Every structure is written in C-alpha cells, then in structure tokens.
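Visitor: using only what follows, build the 3D model:
(2 chains)
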Amino acid sequence: MTITTEQPLVKIEGLHKYYGTHHVLRGIDLNVNQGEVSVVIGPSGSGKSTMLRCVNLLETISAGRISVGGELIGYREVKGRLHDLKAKEIAAQRREIGMVFQRFNLFPHKTALQNIMEAPVQVKGQSKAVARKRALELLDRVGLGDRAGHYPNQLSGGQQQRVAIARALAMDPELMLFDEPTSALDPELVGDVLNVMKDLAKSGMTMIVVTHEIGFAREVGDRLTFMDGGVVVESGDPREVLANPQHPRTKEFLSRVL
Amino acid sequence: MSIPATESGAQMDSHQHKDTAPVLNNPVPVRHPGRWVSAVIILGALALLLQSLFTNPNFRWDVVGAYILDVKVIQGVVWTLVLTVASMILAIILAVLLAFMRQSENPVFRYSSWTWVWFFRGTPVYTQLIFWGLIAVLYPKISAGVPFGPEMFSVDTSTVVTATVAAILGLGLNESAYLAEIFRAGLKSVDQGQMEAAEALGMGKTKIMWRIILPQAMRVIVPPTGNETIGMLKTTSLVLAVPFTLDLTFATNALANRTYLPVPLLIVAAIWYLIITSLLMVGQHFIEAYYGKGVDNRAPATVNPAAAKAAAAVAPSADAEPELKMDFPEEEAK
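Guide: All right, here's what the predicted structure looks like:
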C-alpha cells in the first residue's frame, strides 16, 4: 500500500452494518492519521468491535467505504461500481493490518515462538532463521524473551496477550487494531499489556484501540471516539472529551465508568 | 487502605506456623466391603472360566497350537492387515476432502459431499462389497472419453478391479462416509477465533485449514478414528461378499471346514485379531500424545532461548534468500 501524507491512513466513511435486519452500525465516519492512536469507547453493543472488525474484513461491510493507506478495503471500484475482492487479495490487505483479539486467539498447538513465526514464514515466505531471529526480538520487546518455548496454555492471560501483540507485529503492519485487548484479563495483568501498547504507540505505530481503559485513552490516545447505538456520539481530544463531555450520553457513560 | 491489614495478616500467619510442623490429620478412611465382595465374585467366576479352559477337552488347545502359525493363517493375517491399512488410508484421504468440501463456500462442493455421505452411509457395507464384486458385470469395460462423444481408451473392468481392489474400494468408500462425519465434527470443535486470528494474519484458506484448524481438530478426530480402524479390522471379514478369499476369517473358516474343528480355529482367529487390535491401540496412544501437545502437556517445550538466539544469530547470513536480506535495513529503520 502506498501512503500519501495528505490524507489519513484510515478513512471510514458512512459505514453501515446489518446482521439480518439488525442495524448494528448506522453510518460511522472516522479518520485515523498516520502514527495516531485512536481510542474508541462505548457501552457493550454500541458497535465499536464490529466497526473495528470491518476494517480488516472479519465482518463484511453492508454500506459505506473503508480505505487504509488510500486503498479501498474489500472492494475494487470499476466505473463507479464496487466489485468484491478475491480471497487472495483480501488476505494481502490483511497482511498490512495487525489485529489483537479480546480472547488472544493464540494457536494452542504452537509455542510462543512458533505462533510469532507462523505468518512471516507461511505468508511472507521468510526463511525460518530470519523469522526466528525477529520473533525472539519481538518476544524480548514484549518482555517474554524467556518464554519462547512455552505453549499458550503454560502462559498467563497477560503473557498470552503480549505474545499475540508480538505475533501481529511480526508481519510489520502499518496499522494495528486492538479489540478490547485487556477485557479478558485479571486486573493485575492489565498493566503489562497496556505498557506494551504504550511503547508501541511511542514508536509511532498507527493504532485503533477499542477499550474500556479510560486511563489508557487519557494518557496515550491522540483522539477519543465515543460510540453508542451504532453511531459516533462524540469525538475529539481525549483529555478534553473526558474532562468536558459535550453530549449527555457521553456524560452518562463516563459517569458510570470513571 | 487494605495494605496494612494484609501485611499484618501475613505476619500473624507466619508467626503462627513458625518452626512447628503441623500434625497431619490422618483420618480413619471409609471402609469399602463392597469392593471385597465383588472381587471375590469376579475372581471366582474367572477361576471357573480358567479351569474350564484347561480342563474342557473340546477347546482342543493342541489344534490351536498347531494352526496359530500355519502358513494359511499367517497369510490371512497379512491380507487382513493389508485390507485394513489400505482401506483406512483411502477412507482418511477421502474423508479429509469430504470434510473440507462440506465446510467450503462453494455450494457444489457442499452438496456433493453431503450426497456422498448420505449414499455410502445409507447402504450396508455388505451390499456395497457385493456391488464392487459385480462391477465387471455392470460395466464390462472402463473407458475414458467425452460423454456421448469419442472414446480415448478402454480397458476390461475385471483386469483393473480385481478382488483385492474391489474389497479395498468397498471398505474404503463406505468408511470414508463415517470418517467424513468424524472429521467434520473435529473441524467444528476448533474455536472460531482460531480461523479469525489466522485470517487476520493474512493466511490463505488452504494454509489455515492444514496448519491451524486440522492439527487442532486431530485431538478430537484421532480417538474415534482409532475406534473406526479397529472396527475396520473386523469388518474386513465381510470381504467374502466380493468374493475375496484370503483374509484371516476366511482362512481359519476354510481350515475349520477341512478339519471339522471350528472352535479351535475360531480361537486362532480371535487371538490374532486381539494381537493386531492391541498393536493398533499402542499406535493410537502415540498419535494422541503427539496431537495433544499444547493442550495435554504441562511442561514447556525444550526450546532453549539462549541457544535458539545464538543459532539464529549465525543462521540468517547462510539461510536468507537474497531478497529477504533487503528487509533488514527497512526493519532497522523502523
């Protein structure tokens, strides 16, 4: 994907999503600039995870457009008409977008090291030696250099999530999506994962983070978006929105979580 | 606020247990007289059975001894093994294909797979074996060509579909339908998040199935497949329907008919079936252990990170393909 600096890296325009007749997303517009950390909060069922999953096509897009790095996601536009991309083309787009899941989704039959090496070797065709070196560097970076040979079931939730972040980073994505990365963790394990994410943000990674961690949004976020009922209710500088929410629904939500 | 409280609590704890080893409870265990009664009854019955085995002359152990290693019997054992292994290999290959087809987004594949399972599971294996034995009557020649058009080549069916081939086809195709359902259940047992995680990494569908989904499904697939293999071992005795006349059951029956001694020869067959089943169970144990890694294991894999790092530090220059070397400056720049 080619990146031009004038336009945002991620552009979501008029995004709608239906599950059958259930209208989950009702016209979302969201821009994320290169190197920006965009935090999305909102009550459960507000559609924030669905929005995130549309960005790498884990959900089909019912209406609207998403582009990453100027490239339309999931479609090719020919003479004003959208054509579905082939599975291979979709896979190629996903390679540029890392995703971290609420439930980690590490491959349980592979060690931490093998989890991280899998995609670089199988998808990018890197040699095992190169992929292994990089995987060990990434494990060090997330503070798990001594856990390379551990299977996921031998790691704590926080450790698993950090391996999952390393696994996504191994593909050198230009965008990272975090889908409630700390929601399945015991409270005392949340900090380690957030620290890794903070380091990643400082290194200039473009991130969209769906989370309930208001502290993270305030400290690291460049933009905070509050979603409710499938629409963006309020969006702006995190410290501003948190200190001085404009919309009554934002106020009500923040009063319950803060 | 709670910190001082827990601290003092911990102090009290350590103070109490200081140096004094606890007096173990050592309770009087519950007595189980039922176990003794059942042991006496079962051991008694077993003793009676053993006694009859040794004292009842009708067992004719001398005949069992004489025929257990008979050439015809050993040949029967080998043929039974050949039929079991060959038909199971055929069935497993077909079952993987059928299970993948059943999960495919292509509706033609889905319906074809469903119809195959419906047909081969819905008719008796005995009937199918007779059918394969009669295939040469139904289609005397097998030819390849364009439907209703010119013929490219043709062969006599009976030269291609010999009794052995007919037996393996009959057993294998029937079994594939059952195994397809076992494989489908295994694939469905893998968490949907695995598929999503692999998709999010940009892996293709085929690689996801072979490298991520199937290895995890194997944990669920192997035990019933072992069951099916042991079942198949015994089902091979039906190949008489083809007719195929070299398997263990046919061989021992033929000897029994010749000697008018059915009981000892049935025992010969039973002993061999038991031996093969036992060997198959050992094999299954190791296959299960292999696919249980990451789930059943509790010890970390023997990867020494320091050694791995040292190896990796040396390896890239030797291993990397030229175009991959170009990744390095880019990576370092980031």
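Visitor: quick check: longest helix of chain B.
Guide: Longest helix of chain B, by residue count under DSSP state H: helix B:71-103.
Visitor: next, see if that helix gets close to chain A.
Guide: No: judged by Cβ under 8 Å from any Cβ of the partner chain, helix B:71-103 stays clear of chain A, getting no closer than 14.2 Å. All C-beta atoms are positioned from the backbone trio N, CA, C, and that covers glycine.
Visitor: what separates that helix from the chain centre, distance-wise?
Guide: 11 Å (Cα atoms, centre = their mean, to the nearest Å).
Visitor: what does stretch A:154-169 give?
Guide: 15 Å.
Visitor: can you list contacts of it?
Guide: A:98-101, A:104-106, A:112, A:115-116, A:118-119, A:135, A:138-139, A:141-144, A:147, A:150, A:152, A:176, A:181-182, A:184-186, A:189-190, A:192-193, A:196-197, A:200, B:197, B:200-201, B:298, B:300 (Cβ atoms under 8 Å, 6 or more residues apart in numbering or on different chains).
Visitor: what's the answer for stretch B:256-264, then?
Guide: Taking Cβ under 8 Å, 6+ apart as the rule, stretch B:256-264 contacts B:58-61, B:63-64, B:67, B:265-266.
Visitor: again, only this time at 6 Å
Guide: Residues outside stretch B:256-264 that contact it (Cβ atoms under 6 Å, 6 or more residues apart in numbering or on different chains) are B:60, B:63-64, B:265.
Visitor: looking at the contacts of stretch A:154-169, which are in strands?
Guide: The strands, defined by DSSP state E, take in A:98-100, A:176 from the contacts of stretch A:154-169.
Visitor: now chain A against chain B: closest residue?
Guide: Nearest residue of chain A to chain B: A:Gly149, at 3.0 Å (Cβ to the nearest Cβ).
Visitor: picking up where we left off before, and the longest helix of chain B, which residues are buried?
Guide: B:72-73, B:76-77, B:79-84, B:86-88, B:90-92, B:94-103 (16 or more other Cβ atoms under 10 Å in any protein chain shown).
Visitor: same check, this time on stretch A:167-184
Guide: Taking 16+ other Cβ under 10 Å as the criterion, stretch A:167-184 shows A:167-182 as buried.
Visitor: neighbours of the residue nearest to B:Asn174 when sequence neighbours are not counted, how many?
Guide: In space, and not counting its chain neighbours, B:Asn174 is closest to B:Val125: 4.4 Å by Cβ to Cβ, 6 or more residues apart in numbering or on different chains. B:Val125 has 21 neighbours, counted by other Cβ atoms under 10 Å in any protein chain shown.
Visitor: quick check: pLDDT value at B:Asp19.
Guide: Listed pLDDT for B:Asp19 reads 74.
Visitor: and it, that's in a helix?
Guide: No: looking at B:Asp19 with DSSP: H, G, I helix; E, B strand; the rest coil, it is coil, so not inside a helix.
Visitor: and it, how close does it get to chain A?
Guide: As judged by Cβ to the nearest Cβ, to the nearest Å, B:Asp19 and chain A stand 32 Å apart.
Visitor: tally of neighbours for that residue?
Guide: B:Asp19: 4 neighbours (other Cβ under 10 Å).
Visitor: contacting residues for it?
Guide: Taking Cβ under 6 Å, 6+ apart, one finds nothing in contact with B:Asp19.
Visitor: for B:Ala289, same thing?
Guide: Residues near B:Ala289 by Cβ under 6 Å, 6+ apart: none.
Visitor: and A:Val68, by the same measure?
Guide: Per Cβ under 6 Å, 6+ apart, neighbours of A:Val68: A:Val10.
Visitor: kindly state the beta-bridge partners for it.
Guide: Beta-bridge partners for A:Val68, by DSSP bridges, are A:Val10, A:Glu71.
Visitor: look at it and report its pLDDT.
Guide: Value listed for A:Val68 in the pLDDT field: 96.
Visitor: returning to that earlier point: give the other helices and strands that the longest helix of chain B contacts.
Guide: With contacts defined as 3 or more Cβ pairs under 6 Å, 6 or more residues apart in numbering or on different chains; DSSP states H and E, the packing partners of helix B:71-103 are helix B:107-122, helix B:163-189, helix B:214-235, helix B:248-259.
Visitor: quick one: the shortest one to helix B:71-103, angle?
Guide: Interaxial angle, helix B:248-259 versus helix B:71-103 (axes from the mean of the first three to the mean of the last three Cα atoms, to 10 degrees): 150 degrees.
Visitor: still on that earlier bit, ramachandran coordinates for the residue nearest to B:Asn174?
Guide: Backbone dihedrals for B:Val125, given as degrees, to the nearest 10, come out at phi -60, psi -30.
Visitor: over to A:Asn33?
Guide: Dihedral angles (degrees, to the nearest 10) for A:Asn33: phi -80, psi 160.
Visitor: pretty sure it sits against A:Pro8.
Guide: Yes: counting by Cβ atoms under 6 Å, A:Asn33 does reach A:Pro8; the two are 5.0 Å apart.
Visitor: neighbour count for the two, which is higher?
Guide: A:Pro8 (19 against 14).
Visitor: got a list of what the spatially most central residue of chain A touches?
Guide: Residue closest to the average C-alpha location in chain A (Cα atoms, centre = their mean): A:Leu177, at 0.9 Å. Contact analysis of A:Leu177 by Cβ under 6 Å, 6+ apart lists A:52, A:55, A:99, A:208.
Visitor: in a markdown table: these, plus neighbour count and distance to A:Val232.
Guide: Shown next, in a markdown table, are the contacts of A:Leu177 (neighbours: other Cβ atoms under 10 Å in any protein chain shown; distance: Cβ to Cβ, whole Å):
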| residue | neighbour count | distance to A:Val232 |
| --- | --- | --- |
| A:Leu52 | 20 | 13 |
| A:Val55 | 26 | 15 |
| A:Met99 | 26 | 21 |
| A:Ile208 | 27 | 13 |
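Visitor: which of these come close to chain B?
Guide: Applying Cβ under 6 Å from any Cβ of the partner chain, the subset of those adjacent to chain B comprises A:Met99.
Visitor: in the stretch 201-334 of chain B, where is pLDDT below threshold?
Guide: B:297-334 (pLDDT under 70).
Visitor: what sits up against stretch A:136-144?
Guide: By Cβ under 6 Å, 6+ apart, stretch A:136-144 touches A:116, A:145, A:148, A:159, A:162, A:165-166, A:169-170, A:196, B:309.
Visitor: rerun at 8 Å
Guide: A:112-113, A:116, A:145, A:147-148, A:155, A:159, A:162-163, A:165-166, A:169-170, A:192, A:196, A:199, B:305, B:308-309, B:312.
Visitor: cool, and stretch B:191-210?
Guide: Residues contacting stretch B:191-210 (Cβ under 8 Å, 6+ apart): A:56, A:58, A:87-88, A:91-95, A:97-99, A:101, A:103, A:105-107, A:118-119, A:122-123, A:164, A:167-168, A:171, B:100, B:187, B:211-213, B:216.
Visitor: so which of these belong to helices?
Guide: A:87-88, A:91-94, A:118-119, A:122, A:164, A:167-168, B:100, B:187, B:216.
Visitor: filter those residues to the buried ones?
Guide: Of the ones in helices among the contacts of stretch B:191-210, these count as buried by 16+ other Cβ under 10 Å: A:91-94, A:118-119, A:122, A:164, A:167-168, B:100, B:187, B:216.
Visitor: can you put the residues you listed in a markdown table and add distance to A:Gly47?
Guide: Formatted as a markdown table, these follow (distance: Cβ to Cβ, whole Å):
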| residue | distance to A:Gly47 |
| --- | --- |
| A:Ala91 | 25 |
| A:Ala92 | 27 |
| A:Gln93 | 22 |
| A:Arg94 | 21 |
| A:Glu118 | 31 |
| A:Ala119 | 28 |
| A:Gln122 | 33 |
| A:Ala164 | 23 |
| A:Arg167 | 26 |
| A:Ala168 | 23 |
| B:Phe100 | 34 |
| B:Leu187 | 30 |
| B:Gln216 | 31 |
